[in-house]
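Asks: structural data only, the sequence is not supplied:
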């Protein structure tokens, strides 16, 4: 069981932006900081912009900034919008399901509950919880050292 | 976010055995009932036997049976032993992690909590909950019809 890279990178972009709150950040900078694919990051930033988590600034000195206060960025919600596939098992998607027992099997409901518990647990935290207690300074320092 | 086929098929094997409680069942029969790979099922059965969920009976009329009462088969525990990769994001595995901020990033702990909440939610149910309230009869009927 893994998060998709899309969800993983979405969280990382928000953490990076939160660690650098007072300026516009480029996708290149984020891709270099984490040493991850810029190509993939561009699509991640699009998802985050569509859902108003980040704001895209056009032009030569363009880039992205957070579009919400860290306290208003719930981590479960980020995973929910960024994870392209919440189909934990095939019967979650009626269109493509091939499991014959789906109509009478109680397991699907139990797995859905578990997925909701996963998201609810993450929703107890916001980006502010990652940045608080000196987190922001520590993150900024480690990003600077890695650069 | 998806369960691996190994965990998915493990749950399905237990459901099939639970639906046919009074006899030895073959892997071929299960693979035909769900129309899934017999090759993969053999490995799934090995995992379930190693963890004493099923008993393998050798010989010509051999096959498998449940090795525990359905009431003692907690679904979260099944997922925990059957899921080969509980590495939700790369920093869950120190050996292969490449994310520089892991030492100071609070996200990992939050994701671990969420994963625990997922398993705990599933552990509120046992195989008996799937088979109860007429579930066993309904499942047996649908398996018979699909056969």
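Replies: That came through, no problem. This one's a predicted model, so the numbers in the text were calculated from it and none came from an experiment.

Asks: is chain B within reach of the lengthiest helix in chain A?
Replies: Longest helix in chain A, counting residues (DSSP state H): helix A:107-123. Yes. For a cut-off given as CB under 8 Å from any CB of the partner chain, helix A:107-123 has contacts with chain B, namely A:107, A:110-111, A:113-122. Every C-beta, even on glycine, is put in place using the N, C-alpha and C of the backbone.

Asks: which strands or helices does the very next helix or strand once past that helix pack on?
Replies: Of the helices and strands lying after helix A:107-123 in sequence (DSSP states H and E), the nearest is helix A:127-131. Judged by 3 or more CB pairs under 8 Å, 6 or more residues apart in numbering or on different chains; DSSP states H and E, the packing partners of helix A:127-131 are helix A:5-19, helix B:107-123.

Asks: filter the residues of helix A:107-123 next to chain B down to the buried ones, ChimeraX style.
Replies: Selecting just the buried residues from the residues of helix A:107-123 next to chain B in ChimeraX takes one command, with 16 or more other CB atoms under 10 Å in any protein chain shown as the test:
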select /A:107,110,111,114,115,117,118,119,121,122
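
Asks: just put the residues of helix A:107-123 next to chain B in a markdown table and tack on pLDDT.
Replies: Rendered in a markdown table, the data for those read as follows (pLDDT from 0 to 100):
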| residue | pLDDT |
| --- | --- |
| A:107 | 96 |
| A:110 | 97 |
| A:111 | 97 |
| A:113 | 97 |
| A:114 | 97 |
| A:115 | 96 |
| A:116 | 97 |
| A:117 | 98 |
| A:118 | 97 |
| A:119 | 97 |
| A:120 | 98 |
| A:121 | 98 |
| A:122 | 98 |
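
Asks: so where's chain A uncertain?
Replies: Residue ranges of chain A with pLDDT under 70: A:147.

Asks: all strands for it, in order.
Replies: Assigned by DSSP state E, chain A shows strands spanning A:54-57, A:63-66.

Asks: quick one on the thing from earlier: turn the helices and strands packed on helix A:127-131 into TSV, columns for distance to residue B:63.
Replies: Formatted as TSV, these follow (distance: least, CB to CB, whole Å):
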stretch	distance to residue B:63
helix A:5-19	41
helix B:107-123	27
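
Asks: which residues touch residue A:35?
Replies: For residue A:35, the contacting residues are B:98, B:100, by CB atoms under 8 Å, 6 or more residues apart in numbering or on different chains.

Asks: try 7 Å this time
Replies: By CB atoms under 7 Å, 6 or more residues apart in numbering or on different chains, the residues touching residue A:35 are residue B:98.

Asks: backbone dihedrals for it, please?
Replies: Geometry field for residue A:35 lists phi and psi as phi 50, psi 50, criterion degrees, to the nearest 10.

Asks: over to residue A:89?
Replies: Backbone torsions for residue A:89, taken as degrees, to the nearest 10, come to phi -140, psi 170.

Asks: which bits of chain A sit near chain B?
Replies: When proximity is defined as CB under 7 Å from any CB of the partner chain, chain A approaches chain B at A:1-4, A:8, A:11, A:15, A:34-35, A:75, A:83, A:85-89, A:98-101, A:104-107, A:110, A:113-114, A:117-118, A:121-122, A:125, A:129-130, A:135, A:138-139, A:142-143, A:146.
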